[in-house]
Every structure is written in structure tokens, then in C-alpha cells.
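Asks: Have a look; sequence and predicted model below, questions after that.
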Amino acid sequence: MADCVMKNSETFEFTYSATQQEEIERIRNKYLPKQESKMDQLIKLDKQAEVPGQIASIVAGVIGLLLLGVGMCCTMVWNTSMSIFVLGVVIGIIGMTVAGIAYPIYQKVTEKERAKIADQIIALSNELSL
């Protein structure tokens, strides 16, 4: 911010504060309408391709871990007969398998989503690199 002070008819004093000007600009930018740049669009599209894969892998991981927990309960807590123990081992193995395929699920779903938006990503990146 600039302060101008006239001390007398022959002198003039001028002061400028860069930090105050930056603060004014930061506050001003809060109230201006947001304009999304091409770089912002490119980043948003790239993140958008990963979200469905993340959701699918989290769901698979949670289901797998819940099955593993049920299997552990069958073998350790509800161990009233041998058949429940064996059932617990089978459920636990299924749970471990489902949890183990969570990352490959993420990779496959993300690969498909990236293929869907590849043309948009390439077009935007070509525009930005010129």
C-alpha cells in the first residue's frame, strides 16, 4: 500500500508496503469469480481418472478384511466344533484373497478410466506444451 504525505509545500513523502499489497490482492481474489485454467483442467481430469479405481479398491479391501475378521472369529471365538473352525479358515482365506486383489482392481479400473479420457488429456497437454 502506498501512503502519500505532504509535509509542507516543498517536500513529498511516499511509502509502499509490499506485504500489505499482497494481503489486499489475496482478499480481492477470494471475491473474484474463479476461472479454471487449462492446467487446472488437466490436473482435474487426471485425478478424476483415479477416483473410481480408488473407490473400487477400498470397497474390495474392506469387504476382504471383514471376511478375514469373520473367519478369525470362527476359529478363535466361536470355536465350538471342528466344522466352525474349518469354515473360519475357509472364510479367512477368501477374505485374504479379496483383500489381496484390491490393488489389481484399482489398476484395472484406473486403466479403463484413463483410456476413456485419454483424448481429452492429450489435447489439453498438447495445447499447454505449445
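Replies: Arrived safely, thanks for sending. Numbers count the residues shown, from 1 in each chain.

Asks: can you give me the helices in the chain?
Replies: Taking DSSP state H, the helices of the chain run over residues 18-31, 38-76, 82-100, 102-129.

Asks: which parts of the last one are buried?
Replies: Meaning helix 102-129. Going by neighbour count (16 or more other CB atoms under 10 Å), the buried part of helix 102-129 is 102, 105, 106, 109, 110, 113, 114, 124. Backbone N, C-alpha and C define where each C-beta goes, glycine included.

Asks: pLDDT averaged over it, what's the number?
Replies: The predicted model gives helix 102-129 an average pLDDT of 94.

Asks: angle of that helix against helix 82-100?
Replies: Interaxial angle, helix 102-129 versus helix 82-100 (axes from the mean of the first three to the mean of the last three CA atoms, to 10 degrees): 10 degrees.

Asks: and helix 102-129, what does it pack onto?
Replies: Using 3 or more CB pairs under 8 Å, 6 or more residues apart in numbering; DSSP states H and E as the contact test, the elements touching helix 102-129 are helix 38-76.

Asks: Closest to the centroid, which residue in this protein?
Replies: Residue closest to the mean C-alpha point of the chain, counted by CA atoms, centre = their mean, is residue 47 at 6.7 Å.

Asks: pLDDT score for it?
Replies: Reported pLDDT for residue 47: 94.
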